[in-house]
Structures are given as structure tokens and as C-alpha cells.
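Peer 1: based on what follows, work out the 3D shape:
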Amino acid sequence: MNNGGLYGERSGWTLPGYPDRTWDDATLPASHTTPGIAWYRTTFNPRLPKGQDVSVGVTITDDPDRNYRALIYVNGWLMGNYVNDTGPQHTFPIPNGILRTDGKNTIAIASWSEDAKSGGLGKVGLTTLGNVTSSLRVADVAAPAYDAATYADPATAARVSVVAPDTVEPGNSYQVTTTAAVPDDGTALRDLTLSPKLPDGWTATPADPVRLGTLKPGASAKARWTVTVPADQKTGTVAILRVTADFTRAGKPGSVTGEQVVATQPPPLATGEHYVSDLPFQSSSNGWGPVERDQSVGENAEGDGLPLTLHDTVYDKGLGTHAASSVQVWLGGTCTTFHAALGLDQETYGRSDGPATVAYTVLADGTPVYESGTVDRDTATKKIDVDVAGARRLELVVSDAGDGNALDHADWADAKLTCEGGV
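Peer 2: Residues are numbered from 1 along each chain as shown. This next block holds a predicted model:
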């Protein structure tokens, strides 16, 4: 995500002079209810005293439980990346020369919410970092400025958007809808056709291009296909569905292509019980060594752990993890309940070289459905049955409870899913 990685950067939203009068007014702190990126802009004049060297920073303050990160721009220059739920930096100095000490300054902030529950942006203010009498004089650094000819979206004959499911499964069929639209100030398109361009082995019904005829400025038209994913499609990959609009414009041929990226997932889990340690991981991370299947975390090598043991009870099945850790598995929407016995593995008992406290979180499609609170060596084994009905993806997360992860060997013992309705 270097400069230009966000649409707002490429469109000049970070720059002084960008015409933001049509933007909605905002009051901070603000909450976002969906993942994604929201932009904020404002201007200020600090009116700093002459003859003094005053260091100023941009400060963001917020509840650390909110999960978002923010890119901070001052007068078009990137000052830093703020991570609300991690920190520790909350104040970002504005170098002399970039800051206009007695003039108009522009701040732009891109707030990147990482879930659908706790994103947004906290309070934003200016902080004085020092103030000394000084003969130092710093010349203003030329600020990049907005220019409509440079940053406006390029003219296009048509826009083609493709709407398809985010995830697909081998052997199944899905509806794909494409919309072709001509800008209000555009030129009519004639002999317009829409044709799907699919990955190898994928098929579309109807197979022939859809003929839409003439599309006038300001008008739009849709086409729909039933797209079938081959039964032997490899899962755990991404595929790109493209639709091309071919047309004649002002007597000359042209084309525009739209696309949608979809992820290929395994079929839903079959009816019955499934131990998580027997399932493929979509992703996994661990604070020490790999996540272990059916044993505790040992050292750095795979398979060097001990039997999963909680308060003298040995479990044959489960996951051995070490904070901070995350394991994701695919359910496919057919499972109803997740069961597990939670606790610090007995191999950490009696040791004094670490505090050994953790916290467990179970997430269904990114939304927390269970949170354990702090668990230590003396905490009785927590046997949980969590409702995951309809969830397509399960994620098991262990954090260090805020005191480091020296001995945080956290077990998901007897971890299993009860599923209904799968094939």
C-alpha cells in the first residue's frame, strides 16, 4: 500500500485544494458499521507565534477496542500509519516546512475499518510537542496541489460492473449480473454486446454474447448468466470473472471490460461431527512454532508437543496454540455448534518464567460469538458450546491478555463442530 494504493490517493483526496464541498459533514469520534475505507478532510490555521520554534503533531485518541488503522496526510504529505487497536503511537509530528505556521493547512485521513463491528475514527487534534525561542528559520516545503486535469477520472465510453458471489464452490452454479452504463455526458453506443470471459473449465448459460443494441447517454442495461464452476476446480484459490462490452461509438469499434474476483471454497462440511484438527486450515498463525494438531505446542518444530492436558485431563483431539494465534477453517454454512474445552496446557503449570494468561475469541464470519475473558493457570477448564449456525468461516483466536506471551500455551481441546445439511 505505497502511495497510490487507495482510490482516494489516486483521485487527489489527500491534497490541498481538492473540491470537498459536496462531502458530508462529520463529527468525531465516528463509528463505521461496515468494513472498508472512509475519508475525512479538514483545514486549520495554527497561527503560531513568530520568532518561536513550535513543534506540532496530529494526535488521534480512541478506545483501543476499536479495530481500524488510519493513514494521516498533512498538506498532501503522508505523516504516518496509525493502528488504533495496537498502538503505541498516537501522535504524529508535522515537520517544520510542511506545516504552515500562519496559513492554511489541510489534513486528510483515510480510516480503514477492519471489521463490521468496531471501525471508525477517534478524536483528532493538534498537540504542541515543544515551544522554544529560536532564530531557526525553515522555508516552506512546496505542497502538492490538486489539479482536476491530473486527478479526475479519465473519460470512458462506458462502465461495466460485474456482480457475483464473493465465494463459490466446485460443482455449483451461480447467478452473475453485469451492468453496462453510458455516462450522462457520453456518446451513444451502438451494436452493444456483453460477453463473459471465464476461467478455464467454467461455463456460462447462455453461452452466446447478449446483444443489447443501442445504449444512449445516461442509460444502462443488464445481462445475466448462470455460471457453473467445474467439479474439479481447485479450492483455496481466486478466480476472475470478466465481462467485455463490445460496441460501435461514433462509427468506431471499442470495448470496455469489467471484472469480479471470487474465492473458490471447499463444499460445506457434511452432516455429523468434525474435529477441527482433522480439517484443512484456510490460514493459521502462532506466537511460537506452528499450530499443533492433537498435541500441545512444544518448541519451534512441527509435531514436537505433548498430549493436550488440562487440569489432569488428557484430550486425544484438539489444537495446541501459543498466543497470539489464529486458525481459520471453512464450514460452508451447514454447521450449528462449535464445542471445545479451553485452558492453558498443564505443561505450563508450576513454572515461574512467565505470567501465562490468555484470552480466547471465537468468530463466525468475522463476528465474535464467544469471548472468554482472561484465562490463567488456575482458571477451571472452560467447556463451551457456541452457536455458529449459518456461518461459512470459523476463526479461533488467542490473545496474550495484555501481559506478554511468555508461557501462553493455549489449548482448544476436544474442538469439534456439529453440522447438519451438508452433502
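
Peer 1: where do the strands sit along the stretch 1-150 of the chain?
Peer 2: Applying DSSP state E, counting those that start in this stretch to the stretch 1-150 of the chain gives strands spanning 30-32, 36-44, 52-61, 68-74, 77-83, 91-94, 105-113, 119-121, 123-133.

Peer 1: same list (the ones you listed) but as TSV, adding mean neighbour count.
Peer 2: (Each C-beta comes from the backbone N, C-alpha and C, glycine too.) Putting the strands of the stretch 1-150 of the chain into TSV (neighbours: other C-beta atoms under 10 Å) gives the following:
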stretch	mean neighbour count
strand 30-32	16
strand 36-44	16
strand 52-61	18
strand 68-74	23
strand 77-83	18
strand 91-94	18
strand 105-113	22
strand 119-121	23
strand 123-133	13
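
Peer 1: need those strands in CSV (columns: mean pLDDT).
Peer 2: Shown next, in CSV, are the strands of the stretch 1-150 of the chain (pLDDT from 0 to 100):
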stretch, mean pLDDT
strand 30-32, 88
strand 36-44, 94
strand 52-61, 92
strand 68-74, 94
strand 77-83, 93
strand 91-94, 96
strand 105-113, 95
strand 119-121, 87
strand 123-133, 92
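
Peer 1: distance of G332 relative to T61?
Peer 2: Between G332 and T61 the distance, using C-beta to C-beta, to the nearest Å, works out to 42 Å.

Peer 1: also E169?
Peer 2: In this view, E169 and T61 are 45 Å apart by C-beta to C-beta.

Peer 1: ditto for T43
Peer 2: Here T43 is placed at a distance of 21 Å from T61 (C-beta to C-beta).

Peer 1: hmm, back to that, turn the strands of the stretch 1-150 of the chain into TSV, including distance to S372.
Peer 2: TSV is the format used below for the strands of the stretch 1-150 of the chain (distance: least, C-beta to C-beta, whole Å):
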stretch	distance to S372
strand 30-32	25
strand 36-44	29
strand 52-61	28
strand 68-74	24
strand 77-83	24
strand 91-94	33
strand 105-113	25
strand 119-121	23
strand 123-133	31
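
Peer 1: and the ones you listed: which comes nearest D345?
Peer 2: Of all those, strand 77-83 sits nearest to D345, with 30.4 Å by C-beta to C-beta.

Peer 1: how far out from the middle of the chain is the closest one?
Peer 2: Taking C-alpha atoms, centre = their mean, to the nearest Å, one finds the center of strand 77-83 at 18 Å from the center of the full chain.

Peer 1: what's next to that strand, contact-wise?
Peer 2: Here strand 77-83 makes contact (C-beta atoms under 8 Å, 6 or more residues apart in numbering) with 3, 14, 58, 60, 69-73, 89-90, 92-94, 98, 141, 143-144.

Peer 1: and the residue nearest to T156 when sequence neighbours are not counted, what does it touch?
Peer 2: Distance criterion C-beta to C-beta, 6 or more residues apart in numbering; nearest residue to T156, sequence neighbours excluded, is V256 at 6.6 Å. By C-beta under 8 Å, 6+ apart, V256 lies in contact with 156-160, 180, 244-245.

Peer 1: if any of those residues are buried, put those into a ChimeraX selection.
Peer 2: Here is the ChimeraX command that selects the buried residues among these (16 or more other C-beta atoms under 10 Å):
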select :157,158,159,160,180,244,245
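
Peer 1: out of the contacts of V256, what pair is the most spread apart?
Peer 2: Greatest spacing in the contacts of V256, by C-beta to C-beta: T156 and T244 (13.9 Å).

Peer 1: what separation is there between the residue lying farthest from the centre of the chain and V238?
Peer 2: Ranked by distance from the centre of the chain (C-alpha atoms, centre = their mean), the top residue is S135, with 47.4 Å. Counting by C-beta to C-beta, the gap from S135 to V238 is 59 Å.

Peer 1: got it, and V163?
Peer 2: According to C-beta to C-beta, V163 and V238 sit 17 Å apart.

Peer 1: for V124, same thing?
Peer 2: Separation of V124 from V238 (C-beta to C-beta): 36 Å.

Peer 1: gap between the residue nearest to the spatial centre of the chain and R41?
Peer 2: By C-alpha atoms, centre = their mean, the chain has its centre lying nearest to E114, at 4.6 Å. For E114, the distance to R41 (C-beta to C-beta) stands at 22 Å.

Peer 1: how about T309?
Peer 2: Using C-beta to C-beta, T309 is found at 56 Å from R41.

Peer 1: so which residues of the stretch 251-400 of the chain form strands?
Peer 2: Going by DSSP E, counting those that start in this stretch, the stretch 251-400 of the chain shows strands at 252-264, 272-275, 283-285, 292-293, 308-310, 313-315, 318-322, 325-330, 335-344, 358-364, 367-375, 382-387, 393-399.

Peer 1: so where's this protein shaky on pLDDT?
Peer 2: The model of the chain has pLDDT under 70 over residues 1-3, 116-117, 352-354, 421-423.

Peer 1: per-domain residue ranges of it.
Peer 2: Split into domains by automatic domain parsing, the chain comes to 7-151, 159-264, 272-419.

Peer 1: tell me the most buried of the ones you listed?
Peer 2: Ranked by mean neighbour count under mean count of other C-beta atoms under 10 Å, the domains of the chain are led by domain 272-419, which reaches a mean of 19.

Peer 1: just the terminal-to-terminal distance for that one.
Peer 2: Criterion C-alpha to C-alpha, to the nearest Å; first-to-last residue distance in domain 272-419 is 5 Å.

Peer 1: W225 touches A204, doesn't it?
Peer 2: Yes - W225 is within contact range of A204, at 4.3 Å (criterion: C-beta atoms under 8 Å).

Peer 1: residue contacts, K50?
Peer 2: By C-beta under 8 Å, 6+ apart, the neighbours of K50 are D102.

Peer 1: look up how far G373 lies from it.
Peer 2: For K50 relative to G373 (C-beta to C-beta), the value is 55 Å.

Peer 1: pull the CA atoms of stretch 194-208 into PDB?
Peer 2: Extracted C-alpha coordinates of stretch 194-208, given in PDB (Å, rounded to 0.1, in the frame of the first residue of the first chain):
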ATOM      1  CA  LEU A 194     -21.800  -8.300 -23.500                       C
ATOM      2  CA  SER A 195     -19.700 -11.400 -23.400                       C
ATOM      3  CA  PRO A 196     -18.400 -13.300 -20.300                       C
ATOM      4  CA  LYS A 197     -14.700 -14.300 -20.200                       C
ATOM      5  CA  LEU A 198     -14.400 -17.100 -17.700                       C
ATOM      6  CA  PRO A 199     -11.600 -19.200 -16.200                       C
ATOM      7  CA  ASP A 200     -10.800 -22.400 -18.000                       C
ATOM      8  CA  GLY A 201     -13.400 -25.100 -17.500                       C
ATOM      9  CA  TRP A 202     -16.100 -22.600 -16.200                       C
ATOM     10  CA  THR A 203     -19.300 -22.300 -18.300                       C
ATOM     11  CA  ALA A 204     -22.000 -19.700 -18.800                       C
ATOM     12  CA  THR A 205     -25.600 -20.000 -19.800                       C
ATOM     13  CA  PRO A 206     -26.500 -18.500 -22.300                       C
ATOM     14  CA  ALA A 207     -23.200 -19.300 -24.000                       C
ATOM     15  CA  ASP A 208     -23.600 -16.700 -26.700                       C
END
